[in-house]
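S.K.: can you look at this prediction? I've put the sequence above it.
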Amino acid sequence: MNKLLCLFVGMSFLISCGGKQPKVDKVTEDGVEVVLNHLKPYQFKGEPSRLRLEEETKIDFEKEEYAGLGLKEPYFAEADAKGNIYVVEFYQESESYIYKFNAAGAFIKKIGKRGQGPGELQMINDLVITKNGHIQVSDRSAGKIVEFDADGVVIKEIKVPFNIQETLALENGYYLGRRRPKDASEPRGYFLCLFDAEFNELKKLDFIDMSELAPGKKTPGTILAFLWRTSGGRIYVGNEQRGYEILVYDVEGTLLRKIRKEYNPVPYPEEFRKQTEELAARQPAMNLFSRKDMLPFNSFFVDDEGRLFVMTYEQGDHKDSYIHDVFNKDGALMARVPLGKYGILGRSLNPLKATSENGRFYQVRFKESGHAEVIAYRMVWE
């Protein structure tokens with residue numbers, strides 16, 4: 001009887017230990033939760049930690065069926081709830097800036113004609129598909145936001161004050177945008193701010209100091225990583241001057257959480273060093289130099305479940321693959337997955353951009369031939 005009791009107690013202890021979740025390290029700073037992540041992911045019971053990508057659609061612009069479209073430098077792709085794919089053109093002399101394809105990759109139409117008239121565009125800095133399926137475009141060069149319906153018909157155009165750039169409309173009617181200093185009383189740099197419907201400033205969310213990036217001063221060869229994305233009623237902000245830290249706000253501008261992570265610095269790659277030298281030769285007044293190490297991260301995106309994917313500069317399983325840190329909706333590191341390089345050909349020094357919608361990962365990449373392709377993968381967590 002005693003042996004049976006001991007066996008029962010032992011089994012109960014093992015079961016209880018096996019079901020215990022790891023303790024996530026957290027602290028509180030000024031009333032805000034800070035999630036502290038380390039080099040290795042937390043292991044959560046019942047939460048998958050491996051990502052498998054299954055290719056579903058490929059739009060290969062080298063193929064004859066796409067070659068005549070005139071798309072020269074695809075920047076990134078977005079998708080709507082029906083799986084339609086919108087490819088954004090970066091080349092400024094293109095006749096249109098948005099190319100719409102269905103979920104199977106068949107071309108539908110061009111949207112966003114180049115020009116200076118109503119509804120016409122000069123460049124796209126960001127594109128968002130709204131809940132009602134409209135296409136909302138931020139045009140920094142023209143100083144406006146243009147909204148199209150799903151067929152590309154202009155719904156409205158909103159003029160943006162000249163000192164506010166890369167503006168996004170939020171679901172509550174506010175705007176998120178980057179502004180320059182108002183006058184000499186403010187430091188030299190960029191402020192990420194929240195604005196009301198009339199573009200009155202409501203709150204400063206972040207600031208990146210640009211005082212050292214001036215003619216005659218030594219300037220790092222990579223651009224500064226000052227990034228923001230919106231998803232699921234949240235605003236995610238990364239600023240490399242704070243190190244590896246992502247701020248999470250709601251659309252009212254309330255800081256909800258800080259996500260921090262330890263990381264091992266990656267040496268400045270030789271291909272980036274060459275690009276820095278080329279830039280320095282073209283712009284000698286900038287006094288560019290190569291960094292010793294890369295920035296903590298390049299860019300990030302958020303999936304439908306609120307998982308945050310942060311692209312690091314750590315090499316993945318092949319030369320065009322980079323490790324992405326994946327944080328769950330509570331800000332805890334749950335996985336590290338390799339994803340292929342995406343972004344504009346020959347612009348490795350810029351933040352790259354990818355997206356996830358409908359449980360799929362959308363990637364713009366360039367082949368060895370120099371032609372671009374857009375690939376939609378189904379994301380399978382195991």
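M.R.: Great, that's in hand.
S.K.: output stretch 152-168 as PDB - backbone C-alpha positions only.
M.R.: Provided in PDB are the C-alpha atoms of stretch 152-168 (Å, rounded to 0.1, in the frame of the first residue of the first chain):
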ATOM      1  CA  GLY A 152      -9.000  51.100 -57.700                       C
ATOM      2  CA  VAL A 153     -11.500  53.900 -57.700                       C
ATOM      3  CA  VAL A 154     -10.400  56.900 -55.700                       C
ATOM      4  CA  ILE A 155     -12.600  57.300 -52.600                       C
ATOM      5  CA  LYS A 156     -10.900  60.300 -51.000                       C
ATOM      6  CA  GLU A 157      -7.600  62.200 -50.800                       C
ATOM      7  CA  ILE A 158      -6.300  63.800 -47.600                       C
ATOM      8  CA  LYS A 159      -3.700  66.500 -47.700                       C
ATOM      9  CA  VAL A 160      -1.000  66.100 -45.000                       C
ATOM     10  CA  PRO A 161       1.000  69.100 -43.600                       C
ATOM     11  CA  PHE A 162       4.400  69.400 -45.200                       C
ATOM     12  CA  ASN A 163       6.400  68.600 -42.100                       C
ATOM     13  CA  ILE A 164       4.600  65.300 -41.400                       C
ATOM     14  CA  GLN A 165       5.700  62.300 -43.400                       C
ATOM     15  CA  GLU A 166       5.000  58.600 -43.800                       C
ATOM     16  CA  THR A 167       1.500  59.100 -42.400                       C
ATOM     17  CA  LEU A 168      -0.900  56.200 -41.600                       C
END
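S.K.: mean confidence (pLDDT) on that stretch, please.
M.R.: In this model, stretch 152-168 has a mean pLDDT of 93.
S.K.: same deal with stretch 178-186?
M.R.: Averaged across stretch 178-186, the pLDDT comes to 92.
S.K.: and for stretch 133-147?
M.R.: Stretch 133-147 comes out at a mean pLDDT of 93.
S.K.: next, the buried residues of it.
M.R.: Using 16 or more other C-beta atoms under 10 Å as the test for burial, stretch 133-147 gives 134-140, 142-147. Using the backbone N, CA and C atoms, a C-beta is placed for each residue, glycine as well.
S.K.: tell me if I'm right that residue 298 and residue 240 touch.
M.R.: No - between residue 298 and residue 240 there is no contact under C-beta atoms under 8 Å: 9.6 Å.
S.K.: shared neighbours, those two?
M.R.: Common neighbours of residue 298 and residue 240, using C-beta atoms under 8 Å, 6 or more residues apart in numbering, are residue 225.
S.K.: dump the buried residues of stretch 133-147 to TSV, plus distance to residue 226.
M.R.: Below are those laid out as TSV (distance: C-beta to C-beta, whole Å):
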residue	distance to residue 226
134	27
135	25
136	21
137	21
138	16
139	19
140	14
142	22
143	20
144	22
145	20
146	24
147	26
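S.K.: still on that earlier bit, looking at residue 298 and residue 240 now, which is surrounded by more residues?
M.R.: A direct count of neighbours by other C-beta atoms under 10 Å for residue 298 and residue 240 places residue 298 higher, at 25 against 19.
S.K.: spatially nearest residue to the more buried one, not counting backbone neighbours?
M.R.: Spatial nearest neighbour of residue 298, chain neighbours left out: residue 311 (4.5 Å); criterion: C-beta to C-beta, 6 or more residues apart in numbering.
S.K.: adding secondary structure and distance to residue 64, write the buried residues of stretch 133-147 out as JSON lines.
M.R.: Conversion of the buried residues of stretch 133-147 to JSON lines gives the following (DSSP: H, G, I helix; E, B strand; the rest coil; distance: C-beta to C-beta, whole Å):
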{"residue": "134", "secondary structure": "coil", "distance to residue 64": "32"}
{"residue": "135", "secondary structure": "strand", "distance to residue 64": "28"}
{"residue": "136", "secondary structure": "strand", "distance to residue 64": "33"}
{"residue": "137", "secondary structure": "strand", "distance to residue 64": "29"}
{"residue": "138", "secondary structure": "strand", "distance to residue 64": "33"}
{"residue": "139", "secondary structure": "strand", "distance to residue 64": "32"}
{"residue": "140", "secondary structure": "coil", "distance to residue 64": "35"}
{"residue": "142", "secondary structure": "coil", "distance to residue 64": "34"}
{"residue": "143", "secondary structure": "coil", "distance to residue 64": "39"}
{"residue": "144", "secondary structure": "strand", "distance to residue 64": "36"}
{"residue": "145", "secondary structure": "strand", "distance to residue 64": "36"}
{"residue": "146", "secondary structure": "strand", "distance to residue 64": "32"}
{"residue": "147", "secondary structure": "strand", "distance to residue 64": "34"}
